[in-house]
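[1] Structure here, sequence nowhere to be found:
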């Protein structure tokens, strides 16, 4: 005979079944898109969005969310709109093939990506653009260091690896390709990012840039648990560095990089991550501790409405206007709306375009690099700023909650 609790539990199952949700066998429920939306709690379905309604994944926006998402000059209930028009440019070139990514740090797995980009290009016309994102947890290497290491790791692609401080986002790259006269672009990335790039880049074709065709192509599936090249990932490398496991780290370094340079890279990553302060796996490699990431997200210790975050896959920085089960809806200062999975973002306070803090290669006191950095902070010095820069980016450290 069923107990009362068993009866209540069965009602929750029936409700989830009617909604088309699938069980993970442990009380969790996923929708048909694979997103974690609810769990069984005391006989009832508990949705992770507190204002969730049965049969409706995203509830109406609150007044606070509306104020955050609406342009100042428009009524609060309206969604952000893009009124930009790309400049008219004569199309004198064909198709540019692009790979925009974090490469933090670059690995043997990235070598496969670069080779695929080259073989997919028309007449060897392709570009590899490392993002400018940097923080001590998920992106310990600064852009200059990344490019320098990549050019040593992947010598046959050396001239195609671009270090341009103006390429902060995928949109910056596409707008540059438009003004350079390209008729089409082809963007390559991991299979798990194809849909994200298709929607994002397609929505703004004709608004921020104009191409006859924007093609998003998969560079192949990635298996983080595999022992071969396809399984090597930057997450594994950061994890190995955090654990001081240089043996595992060396497995992810191409033979083209010398032993000395590989060991130096290992040290630079550990220094930039500031391991001595302690670390959590979900912060440096979310894919290996999804539970830890979700627990901090659900409890709203991270990624709250109103906070600024940066999407590490495309470089876009925006304010959170809505929290989904495991994704965020954000809006940039230019009113570009984008969706990000919580594993793909880092928190940031943004008032401009310059990142604050001491770069990883300028932290050692007593070096010329550190001296030049300090002098830059003094107005009127030979290296210094001659104005007060109040427009800065500050990364938020979430290690303490």
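    Noted; the coordinates are in hand. Computed from a predicted structure; not experimentally measured.

[2] who does the residue nearest to residue 180 when sequence neighbours are not counted bridge with?
    Distances taken as Cβ to Cβ, 6 or more residues apart in numbering place residue 93 nearest to residue 180, at 6.8 Å, with adjacent residues excluded. From N, CA and C alone the C-beta is placed, and that goes for glycine too. Beta-bridge partners for residue 93, by DSSP bridges, are residue 182.

[3] My read is that residue 93 contacts residue 179, right?
    No - the pair residue 93 / residue 179 is not scored as a contact, 11.2 Å apart, by Cβ atoms under 8 Å.

[4] returning to that earlier point: check the gap between the residue nearest to residue 180 and residue 170 for me.
    With distances taken as Cβ to Cβ, to the nearest Å, residue 93 is found 19 Å from residue 170.

[5] same question, residue 201
    7 Å.

[6] Ok, residue 198 next?
    Distance, residue 198 to residue 170, by Cβ to Cβ: 12 Å.

[7] the more surrounded of the two?
    Shown here are residue 198 and residue 170; by other Cβ atoms under 10 Å, residue 170 has more neighbours (24 against 14).

[8] ok, and the closest non-adjacent residue to the more buried one?
    Leaving aside its sequence neighbours, residue 170 sits nearest to residue 314 (Cβ to Cβ, 6+ apart; 4.3 Å).

[9] The one you found: helix or strand, and which one exactly?
    Using DSSP states H and E, residue 314 falls within no helix or strand.

[10] just checking, it touches residue 100?
    Yes - here residue 314 lies in contact with residue 100, judged by Cβ under 8 Å, at a distance of 6.9 Å.

[11] Find the residues that touch each one of those two.
    residue 170 (Cβ atoms under 8 Å, 6 or more residues apart in numbering).

[12] circling back to that earlier point, quick one: contacts for the residue nearest to residue 180?
    125, 180-183.

[13] now do the same end-to-end measure for stretch 202-216.
    One end of stretch 202-216 sits 10 Å from the other (Cα to Cα, to the nearest Å).

[14] Buried residues of it, list them for me.
    204-205, 208-211, 214, 216 (16 or more other Cβ atoms under 10 Å).

[15] Just send those back as a markdown table, with distance to residue 269, secondary structure and pLDDT too.
    Below are the buried residues of stretch 202-216 laid out as a markdown table (distance: Cβ to Cβ, whole Å; DSSP: H, G, I helix; E, B strand; the rest coil; pLDDT from 0 to 100):
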| residue | distance to residue 269 | secondary structure | pLDDT |
| --- | --- | --- | --- |
| 204 | 34 | coil | 92 |
| 205 | 37 | strand | 94 |
| 208 | 34 | coil | 94 |
| 209 | 35 | strand | 96 |
| 210 | 40 | coil | 96 |
| 211 | 37 | coil | 97 |
| 214 | 34 | strand | 96 |
| 216 | 30 | strand | 95 |
